[in-house]
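Participant: Okay, sequence plus prediction incoming.
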Amino acid sequence: MPTRTRRRLVVSATNKPVFSSGPAAEPVNLERRQWLLGSAGVVAGAGLMGWSPLALAQDGALPDYVGWKDPEALIVHSANTLETRRDAIGRGVLTPSDQLFVRNNLPAPGNDIVADPDGWTLDILGAGQSGSVSLKQLKTMGVETVVSVLQCSGNGRKFFPHGASGTQWEVGAAGCVAWTGVPLREVVRELGGVMEGMNYITATGGEILPEGLDPKSVMVERSVPLAALEQALLAWEMNDDPLSLAHGGPLRLVVPGYFGVNNVKYVRQIAFTAEQSDAKIQSSGYRVREVGVEGAPDQPSMWEMPVKSWITSPLTTAAAGRTLIYGVAFGGNQALGKVEVSLDDGGSWAEARLLGPDLGRFAWRPFVLAAELAPGEYRVVSRATDAQGQAQPPERTDNERGYGHNGWKDHGVSLTVA
């Protein structure tokens with residue numbers, strides 16, 4: 001893929017897409033099927049579903065919907081959570097699709113939803129002209145490719161000493177990918193703009209919900225500030241291939257610079273709303289609070305990502321002499337400024353060299369530092385600073401669910417040089 005790819009399609013007036021007219025569309029009516037409840041991998045109706053996340057985690061087998069991925073590059077925590085191994089993160093900017101982590105709050109729908117991607121429909125509410133539009137129509141409204149980091153809110157949870165519940169991610173719940181689709185702002189412009197008084201973009205996923213439960217307690221529906229409209233993308237391709245079922249195909253809302261939970265998969269509805277969604281995943285889930293405190297709407301939500309970096313190689317041992325120390329770094333919702341590496345746990349720092357092309361504000365940059373290492377023990381850490389001068393802090397901010405960890409101390413590696 002060419003560097004800094006940016007494509008736009010200009011639509012003539014005679015080719016303008018046609019939207020359904022009339023009153024605002026009703027909320028998405030989703031069918032129901034058995035499901036997987038919660039990030040910890042507790043199964044409801046596992047016998048009917050035909051697999052056990054715990055068994056998968058033990059034998060390392062990949063679930064069918066991600067059977068095309070590279071098993072050597074992944075850690076299988078459960079059927080819904082697969083982590084990229086730290087030593088599989090390479091020197092390139094883009095993460096290969098078959099090595100990218102997977103995190104689903106609910107089981108993926110059936111493969112039938114990607115059989116006819118152009119027929120997928122999206123309801124849009126809260127715009128001057130609300131209605132439904134097909135993926136085929138979206139493809140006539142404009143196209144851009146944006147490279148951005150996709151990162152789970154809990155990336156780094158394994159380092160929290162209080163044993164935060166959820167998947168025990170180390171660093172591999174993150175990757176850098178190229179998304180291709182239509183900017184949401186272009187779609188809204190075609191629909192007459194956002195209605196007055198709307199403060200949030202609220203996206204609803206198309207997962208199939210369980211029977212007998214309040215849909216709001218399990219559905220994936222996330223709200224982000226309206227300011228994200230400037231960067232939000234309705235994506236149908238990832239790394240120049242049609243968006244797979246594993247990563248939200250046929251259509252996904254991508255909000256570069258924001259944590260992964262806001263990048264709603266199988267997106268069926270985009271609503272511009274005055275208030276945030278009252279779905280549990282928004283109102284109390286993905287909220288930063290003190291250890292032992294329950295989630296509530298007045299707590300900070302997992303929206304914008306902070307600056308972050310970590311070492312990818314070497315991880316445990318190295319030969320004495322000239323050693324190349326590699327890692328990755330990104331600025332979160334800002335461009336990356338610089339990366340420094342320390343061989344003595346932050347006692348002294350040397351600036352690393354950024355590798356590869358700069359693919360934009362939201363992409364990560366691999367980095368390298370050449371060091372002459374004598375035999376001994378080293379604690380190797382990295383510290384990234386964004387373009388606004390915000391640097392990674394040394395320590396994590398302890399919180400109940402282990403969210404948003406970007407402290408550089410925990411992310412270091414202990415290296416034995418012989």
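Facilitator: Cool, the structure landed.
Participant: neighbouring strands for the host helix or strand of Leu253, and are they parallel or not?
Facilitator: Taking DSSP states H and E as the definition, Leu253 sits inside strand 252-254. Each strand paired with strand 252-254, and its direction, by DSSP bridges: strand 233-238 (antiparallel).
Participant: Pull the residues that contact the strand it pairs with.
Facilitator: 97, 117, 122, 135, 138-139, 144, 146, 177-184, 187, 242-244, 247-256, 267, 270 (Cβ atoms under 8 Å, 6 or more residues apart in numbering). (Glycine included, C-beta is placed from N, CA and C.)
Participant: just stretch 102-116 next, same as before
Facilitator: By Cβ under 8 Å, 6+ apart, stretch 102-116 touches 35-36, 39, 49, 65-66, 69, 79-82, 120, 152, 167, 173, 205-209, 218, 220, 242-247, 249-250, 260-261, 265-266, 281.
Participant: distance between it and the chain's centre?
Facilitator: Centre-to-centre, stretch 102-116 and its host chain are 16 Å apart (Cα atoms, centre = their mean, to the nearest Å).
Participant: which of the residues in that stretch are buried?
Facilitator: Val102, Arg103, Asn104, Asn105, Leu106, Pro107, Ala108, Pro109, Ile113, Val114 (16 or more other Cβ atoms under 10 Å).
Participant: Just the closest of those to Thr397, please.
Facilitator: Nearest to Thr397, judged by Cβ to Cβ, of the buried residues of stretch 102-116 is Arg103 at 21.1 Å.
Participant: Okay, now the unreliable bits of the stretch 1-150 of the chain?
Facilitator: 1-60 (pLDDT under 70).
Participant: The stretch 201-350 of the chain now?
Facilitator: Looking at the stretch 201-350 of the chain by pLDDT under 70, you get an empty list.
Participant: all strands of it, in order?
Facilitator: 221-225, 233-238, 241-242, 252-254, 267-273, 308-313, 317-318, 321-330, 336-342, 350-351 (DSSP state E, counting those that start in this stretch).
Participant: Could you report the separation of Leu138 from Gly260?
Facilitator: 22 Å (Cβ to Cβ, to the nearest Å).
Participant: Now the residue nearest to the spatial centre of the chain: closest residue in space, sequence neighbours ignored.
Facilitator: Nearest to the geometric centre of the chain sits Gly260, at 2.7 Å (Cα atoms, centre = their mean). Counting by Cβ to Cβ, 6 or more residues apart in numbering, Cys152 is the residue found nearest to Gly260 once chain neighbours are left out, at 4.9 Å.
Participant: Pretty sure that neighbour sits against Asn263.
Facilitator: No - here Cys152 lies out of contact with Asn263, judged by Cβ atoms under 8 Å, at a distance of 10.2 Å.
Participant: Spit out the contact partners of Gly126.
Facilitator: Ala24, Val194, Met195, Met198, Ala271, Phe272, Thr273.
Participant: now the last one, which residues is it bridged with?
Facilitator: Following DSSP bridges, Thr273 is listed with bridge partners Tyr200.
Participant: re earlier: using CSV, lay out the buried residues of stretch 102-116 together with secondary structure and distance to Gly337.
Facilitator: Output for the buried residues of stretch 102-116, formatted as CSV (DSSP: H, G, I helix; E, B strand; the rest coil; distance: Cβ to Cβ, whole Å):
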residue, secondary structure, distance to Gly337
Val102, strand, 31
Arg103, strand, 28
Asn104, coil, 33
Asn105, coil, 33
Leu106, coil, 38
Pro107, coil, 40
Ala108, coil, 37
Pro109, coil, 40
Ile113, helix, 41
Val114, helix, 39
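Participant: Now distance to Pro366 too, for the residues you listed, in JSON lines please.
Facilitator: Listed next are the buried residues of stretch 102-116 as JSON lines, based on distance: Cβ to Cβ, whole Å:
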{"residue": "Val102", "distance to Pro366": "22"}
{"residue": "Arg103", "distance to Pro366": "23"}
{"residue": "Asn104", "distance to Pro366": "27"}
{"residue": "Asn105", "distance to Pro366": "30"}
{"residue": "Leu106", "distance to Pro366": "33"}
{"residue": "Pro107", "distance to Pro366": "33"}
{"residue": "Ala108", "distance to Pro366": "30"}
{"residue": "Pro109", "distance to Pro366": "34"}
{"residue": "Ile113", "distance to Pro366": "34"}
{"residue": "Val114", "distance to Pro366": "31"}
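Participant: Please report phi then psi for Lys136.
Facilitator: phi -60, psi -40 (degrees, to the nearest 10).
Participant: hang on, the earlier thing: buried only: go through the contacts of strand 233-238 for me.
Facilitator: The buried subset of the contacts of strand 233-238 - by 16+ other Cβ under 10 Å - is 97, 117, 122, 135, 138-139, 144, 146, 177-184, 187, 243-244, 247-256, 267, 270.
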